[in-house]
Each structure stands twice: as C-alpha cells, then as structure tokens.
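**Student:** quick one, structure for this:
(chains A, B and C)
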Amino acid sequence: MPELPEVETVRRGLQPVMEGARIVRVEQRRADLRFVFPADFASRLEGRQIISLGRRAKYLIADLDDGMVLVSHLGMSGSFRIEADGEGTLRPGAFHHERSKDDKHDHVVLHVEGPAGKARVIYNDPRRFGYMDLMARAALVEHAWFRSLGVEPTGNSLNATGLAGQLAGKKSPLKAALLDQRIIAGLGNIYVCEAMWRAKLSPLKPAGGLVTSTGRPRKQLELLTQAIRDVIDEAIAAGGSSLRDHIRTDGTLGYFQHGFSVYDREGKACPRPGCGDTVRRIVQSGRSTFYCPRCQKH
DNA sequence: CTGCGAACCTGTTAGC
DNA sequence: TGCTAACAGGTTCGCA
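**Tutor:** Next comes the predicted model:
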C-alpha cells in the first residue's frame, strides 16, 4: 500500500488526534509483526505523551515526552484507522465514530486522550510486513533503518546535481536505482514507474547514463528530478494512491489511482497524446515495471 | 561492492 | 461455482 505519499497522508490523518495526546492504554495483540515487538512495548508507551508525529521516508516517527520515539513502518499492507472513543470531542465527519467490527488483523490499539478528544488508533496489517520499534530519539539517525537513507523526494532535498553523484557509474537499470532507498528515500514501485514515464526514460536504461563523464547531470536527469518531485507532490496533494485497499485514517480511499499513466495499465493505450503505443509490463528484480516502449527512451 | 532471486504472509483476482 | 496460480504498495538476506 504505502509509498511516501500514502505514509504522509496517514501522518496527516493521525496528527490531530495524536499530537499532544496521552497514550493511556496499549493493546498489543500478538508478539510480532515482521519483527518481534521490543520488550515491554505496551507498558513503555502507556502514560507517555506524544509531542509530535513526523515522517522520514516511509517511516512514521512519534516523539514521546520521555525522549523515546515510536517508529512504525506499514510494510505492504499496514494501515492506521481512528475511532472516536465514547462521547469524544473529535471533529465530526473526519473520523470513524462507530466502533467497527474487530478485525483479526488489528494488531495494535493505542488508546489516546488529547486536545481532540479520546480515540483509539488502530494498526491493521493483514500481511504483517509492517513493524514497530521503540528507541531513543538521540539514537534514531544512527539506527540501521535510517542511517543509510537517501534524500527525501520532496522540498529542496532532491536535486539533479546530488542525484548525479549517486547515479554516476551505476550500471543497474534506472528502475532499480530509483527504488533504492539509499539513493532516494520514499519512492516505491508505483511512483517510480510514473516518474520514469513522465520523464520519458526507459526503466531499462543504465542509471549511470544520466550523468556526464564529468559527473554533471544530463538534461534527462534534470527532467527526471522534476518528474519525481511532481509525481510525489501531486500524490500527497491527492491524499495518497490506492490499487485496491489503501484506506486513509478517515476510512476513505486515496484517489490518485485515477491518475496513473502506466502503473497497472498493461495492454492499455499510452496516455501521451499522439503516442498510440501500448503500455507494457516487464519484471525487474522480481517486481513489475510498467512503461511505454515507444516514448520512454533508452 | 553489485545484481538478482527468494523469503516473509495473507488476501484478491484472473483464468480455466 | 470452484479450484489454482499469479500477483500485490516493501524490505532484507543470502548467494553468485
């Protein structure tokens, strides 16, 4: 489900309920997700106040009032939903107010009380590729999950000159390089396909081919950089994408999927005016790549 | 170091 | 309708 825009959408949905709230009770319903939960996970969270809710790449990071951070990754199928607890003061309309049926994949329930009222923040994850951990804020940047992450594809962090340094000499296909979280942190299969289509670049092209012999970004790399920014910004503005089940914290579906140009469109017409070719699906590093063989140049 | 396949786990969908 | 196979947003590990 979640690439950076989806995780950012989740963060924005959770923020009003979690920031400034106290975690009064935690239900941890199994010993592990992808990894075993840290020792005393629930009891170490109980009683803590959440100072702020942030994001790095595809990780959500909740800063707690004791200097620890709750880190969570949604994997492929993780989602959070919010349910108002009792006659809470949560803004009407924004969240689920009915207690939904208990799902067998509801693995963690945070009971919170804060400025927005009382709520349950429920982590659901059928495939359990997601994970959570608790660590000292001061240790976060040196943690294995974070220390080698590349730049965020948002704001000013991503630029063609910096990317050129990362891609220079790389023989791996562009598709693989863009999925590498050590180069750009937060891109996933959908937005990589979309960005390459926008930049008219073949996913098979060697990544190093976008860099000159003196290490400068070629024009193609400038265009790709802008395409990545645009795709990510638009997806965030649209509230995250969905193939089938990306549920936002308010229970609605992301709708960027209506805007996909190539992703999951095998056999359909390339949407570029005048192209007339058909979107193709190939497998690279075990994952589907969708592209237009006519307008994405090698 | 690089690239690639497999693994993790469950659910949905396409095809017969 | 029912069964099976393929495939799914991510990350990590092991092997060549």
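**Student:** residues contacting whichever residue of the stretch 1-150 of chain A sits closest to DNA strand B?
**Tutor:** Nearest residue of the stretch 1-150 of chain A to DNA strand B (C-beta to the nearest atom of the strand) works out as residue A:127 at 3.4 Å. C-beta here means a position set from N, CA and C on the backbone, and glycine is covered the same way. Contact analysis of residue A:127 by C-beta atoms under 8 Å, 6 or more residues apart in numbering lists A:75, A:76, A:77.
**Student:** what's the spacing between it and residue A:139?
**Tutor:** Between residue A:127 and residue A:139 the distance, using C-beta to C-beta, to the nearest Å, works out to 28 Å.
**Student:** and the residue of the stretch 1-150 of chain A closest to DNA strand B, how far from residue A:74?
**Tutor:** 10 Å.
**Student:** all the helices of the stretch 151-298 of chain A, residue numbers only.
**Tutor:** With DSSP state H, counting those that start in this stretch, the ranges of helices along the stretch 151-298 of chain A come out as A:160-167, A:174-179, A:189-198, A:219-237.
**Student:** how about the helices in the stretch 1-150 of chain A?
**Tutor:** With DSSP H, counting those that start in this stretch as the criterion, the stretch 1-150 of chain A has helices spanning A:4-18, A:41-45, A:144-147.
**Student:** JSON lines for those, including distance to DNA strand C, mean pLDDT and mean neighbour count?
**Tutor:** As requested, those are arranged in JSON lines below (distance: least, C-beta to the nearest atom of the strand, whole Å; pLDDT from 0 to 100; neighbours: other C-beta atoms under 10 Å):
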{"stretch": "helix A:4-18", "distance to DNA strand C": "7", "mean pLDDT": "94", "mean neighbour count": "24"}
{"stretch": "helix A:41-45", "distance to DNA strand C": "18", "mean pLDDT": "98", "mean neighbour count": "17"}
{"stretch": "helix A:144-147", "distance to DNA strand C": "5", "mean pLDDT": "96", "mean neighbour count": "12"}
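**Student:** neighbours of residue A:266, how many?
**Tutor:** The number of residues packed near residue A:266 is 13, by other C-beta atoms under 10 Å.
**Student:** ditto for residue A:199
**Tutor:** 22.
**Student:** gap between the residue nearest to residue A:269 when sequence neighbours are not counted and residue A:188?
**Tutor:** Nearest residue to residue A:269, sequence neighbours excluded (C-beta to C-beta, 6 or more residues apart in numbering): residue A:278, at 6.3 Å. For residue A:278, the distance to residue A:188 (C-beta to C-beta) stands at 24 Å.
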